[in-house]
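1. how would this look folded up:
(one chain, ligands or ions: 1)
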Amino acid sequence: MQKSIYFNEEHDMLRTLIRKFVEAKVVPNGHVWESEGMTPRSVLKQMGKLGLLGLRYPEKYGGANLDTLATVVLAEELGRSTFGGFAITVLVHTDMASPHLVNAGNKYQLERYMPGIITGDLITAVAVTEPDAGSDVAGIRTRATKDGDHWVLNGSKMYITNGVHADLYFVAAKTDRGAKGSPGITMFLLEKGTPGFIVGRALEKMGWHSSDTAELAFDNCRVPEENVLDEIGRGFYAIMNNFQNERIVLGAQALGEAQKALELTLNYVKQREAFGGVLWAKQAIRQRLSQRLAEVEAGRQLTYHAAWLDAQGMDCVKEVSMVKAYCGELVNKVLYDCQQFHGGFGYIRESAIERMVRDARIQAIGGGATEIMLEEIAKRV
Ligand SMILES: Cc1cc2nc3c(=O)[nH]c(=O)nc-3n(C[C@H](O)[C@H](O)[C@H](O)COP(=O)(O)OP(=O)(O)OC[C@H]3O[C@@H](n4cnc5c(N)ncnc54)[C@H](O)[C@@H]3O)c2cc1C
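-> Okay, here's the model as predicted:
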């Protein structure tokens, strides 16, 4: 384990705990979860028991009250598992969906849902993307209209991680379609089983097979007023705010994947023989891998720095956008080379690298595509 100025003893202990959990519980079983199309709920409960689902959440609900760097440790170590689908199942719950509640929930909502989120008894999902609006969040069409003490939701959502298996959904809907200068979006807490809430089929994907991804629909779905999150019309700002954490986490996950892929490839090329020596003896191979090692190290320092800025409460939208843009592309570049140097074996389903190549592709698209991140940087320079 490398030393870093950004991490203290508590972070290091956390890293050791997660690494042990991943080696004992994830690596031997991940193949089964891949074929089943989901990570079992029992795995999240085990992580809940270890205190891994509430790293940043208040102690009064069972959380550990740690900082953004602890989240980076979690995401990096889950990325190292080589099962991106498992990693994203957990990270959507801990760092993309449930933060909406912690940041904006009222006392009633926090007390009702937080304990279950932290133990893993209540799985969460966040539903923003729609068939006609992904990068352009302001363009969503799901609408909510007031009817007495309820809001009535109509519309649909697309590509929702944990969509099939979640218990609680954070749903973005338009509450004021005429609002000038504001997208008029509000976030709603929606429990599975609410009449009019339809969970569609699990979508088949290129990668992330151990994560379930679903389409959702709302057909006159009645949500009680007490399930409005924050104030009416504040949802767009909440989504943009939460995107910062989401993007640090996705960057750290990508880095964990890239680091592990390089380790696997170094082991492989140091053993595999061709033309009278091991592959590592070929200058072209060891130089390319050294170049990628340097790039991953640069990505790590950028990610740690952005997380540190975030932990200090400083404005870091530019740095976070850099993390997402850089790491999302880098993991793909690294995996391309790792697969290349594994030769035919890297194309075979039983090699971890083959799965990691497929899992990596979404990192440049989901949670803010590279082009969107570059626009965020451009606006600030
Ligand atoms: C496996 C998976 C899991 C997901 N999980 C969730 C989830 O849990 N919750 C959720 O809400 N969403 C989720 N998403 C949605 C994901 O965040 C979106 O797919 C992503 O934001 C891109 O939106 P889009 O697919 O509508 O692409 P579009 O917005 O249609 O963009 C298509 C492409 O065009 C380019 N592009 C777009 N805008 C610009 C621009 N302004 N300038 C230059 N190029 C541009 C980008 O390359 C982009 O990839 C998930 C998606 C997948 C595939």
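
2. by contact count, what packs against the helix or strand harbouring V296?
-> Assigned by DSSP states H and E, V296 falls within helix 283-311. Helices and strands touching helix 283-311, by 3 or more C-beta pairs under 8 Å, 6 or more residues apart in numbering; DSSP states H and E, are helix 68-79, helix 235-271, helix 317-342. In this view, the C-beta of every residue, glycine as well, is placed from N, C-alpha and C.

3. within range of the ligand, give me the residues from the protein.
-> Contact residues, the chain versus the ligand (C-beta under 6 Å from any ligand atom): 92, 126-129, 134-136, 159-161, 205, 208, 213, 362, 365-367, 369, 371-372, 375.

4. can you tell me which of these are in helices?
-> With helices taken from DSSP state H, the overlap with the residues of the chain next to the ligand comprises 371-372, 375.

5. now a ChimeraX select for only the buried ones of the residues you listed.
-> With 16 or more other C-beta atoms under 10 Å as the criterion, this ChimeraX line picks the buried residues out of these:
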select :372
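
6. ok, I248 - contacts?
-> Neighbour list for I248: 68, 71-72, 75, 303, 306-307, 310, 320, 323 [criterion: C-beta atoms under 8 Å, 6 or more residues apart in numbering].

7. sorry, slip of the keys, the one I care about is D359.
-> D359 makes contact with 83-85, 207-208, 257 under the criterion C-beta under 8 Å, 6+ apart.

8. I232 too?
-> With C-beta under 8 Å, 6+ apart, I232 has these contacts: 175-176, 186.

9. out of these, which are buried?
-> Among the contacts of I232, those buried by neighbour count (16+ other C-beta under 10 Å) are 175, 186.

10. tell me the one of the contacts of I232 nearest Q339?
-> Taking C-beta to C-beta as the measure, Q339 lies nearest T186 of these, at 44.1 Å.

11. assumed that closest one was part of a helix.
-> No - read with DSSP: H, G, I helix; E, B strand; the rest coil, T186 is strand and lies in no helix.

12. I'd guessed it sits against V228; true?
-> Yes - counting by C-beta atoms under 8 Å, V228 is a contact partner of T186 at 6.3 Å.

13. so which residue of the stretch 201-350 of the chain comes closest to the ligand?
-> Per C-beta to the nearest ligand atom, T213 is where the stretch 201-350 of the chain lies closest to the ligand, at 4.7 Å.

14. what about that residue, how many residues nearby?
-> By the criterion of other C-beta atoms under 10 Å, T213 has 24 neighbours.

15. list the beta-bridge partners for it.
-> Note on T213: beta-bridge partners T161, judged by DSSP bridges.

16. these two touch, right, it and K157?
-> No - assessed by C-beta under 8 Å, T213 is found out of contact with K157, at 11.0 Å.

17. circling back: average model confidence for the helix holding V296?
-> Mean per-residue pLDDT for helix 283-311: 98.

18. equivalent analysis for stretch 25-32, please.
-> Mean pLDDT, computed over stretch 25-32, is 98.

19. need the three-state assignment for D219.
-> Per three-state DSSP, D219 ends up strand.

20. so it is in contact with G200, correct?
-> No - judged on C-beta under 8 Å, D219 makes no contact with G200 at a distance of 11.8 Å.

21. circling back: in JSON lines: the helices and strands packed on helix 283-311, plus mean pLDDT.
-> Supplementary listing: these in JSON lines, determined by pLDDT from 0 to 100:
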{"stretch": "helix 68-79", "mean pLDDT": "98"}
{"stretch": "helix 235-271", "mean pLDDT": "97"}
{"stretch": "helix 317-342", "mean pLDDT": "98"}
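
22. most neighbours per residue, which of those?
-> Among the helices and strands packed on helix 283-311, helix 68-79 has the highest mean neighbour count (mean count of other C-beta atoms under 10 Å), at a mean of 26.

23. orientation of that helix relative to helix 235-271 in degrees?
-> Computed with axes from the mean of the first three to the mean of the last three C-alpha atoms, to 10 degrees, the direction of helix 68-79 lies at 50 degrees from that of helix 235-271.

24. whatever residue of the chain ends up closest to the ligand: what's it in contact with?
-> Going by C-beta to the nearest ligand atom, the ligand is nearest to G134 of the chain, at 1.8 Å. Counting by C-beta under 8 Å, 6+ apart, G134 touches 158-159.

25. so V199 belongs to a helix, correct?
-> No - using three-state DSSP, the secondary structure at V199 is strand, not a helix.

26. surely it is in contact with V164?
-> Yes - the criterion here is C-beta under 8 Å, and V199 meets it with V164 at 6.0 Å.

27. quick check: neighbours shared by those two?
-> Counting by C-beta under 8 Å, 6+ apart, the contacts common to V199 and V164 are A214.

28. E226: how many residues sit nearby?
-> Per other C-beta under 10 Å, the neighbour tally for E226 reads 12.

29. just give the nearest non-adjacent residue to it, would you?
-> Distances taken as C-beta to C-beta, 6 or more residues apart in numbering put Y108 closest to E226, at 6.4 Å, once the chain neighbours are dropped.

30. how near is the residue lying farthest from the centre of the chain to Q283?
-> Distance from the C-alpha centroid of the chain, by C-alpha atoms, centre = their mean, peaks at G276 (43.9 Å). According to C-beta to C-beta, to the nearest Å, G276 stands 15 Å off from Q283.

31. now do R56
-> Per C-beta to C-beta, R56 is found 45 Å from Q283.

32. who's more crowded, the two?
-> Set R56 next to Q283 and count neighbours by other C-beta under 10 Å: R56 wins out with 20 against 8.

33. would you mind confirming that that one is in contact with V72?
-> No - contact criterion C-beta under 8 Å: R56 and V72 do not qualify, at 11.1 Å.

34. JSON lines for the helices and strands packed on helix 283-311, including distance to L17?
-> Shown next, in JSON lines, are the helices and strands packed on helix 283-311 (distance: least, C-beta to C-beta, whole Å):
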{"stretch": "helix 68-79", "distance to L17": "9"}
{"stretch": "helix 235-271", "distance to L17": "15"}
{"stretch": "helix 317-342", "distance to L17": "24"}
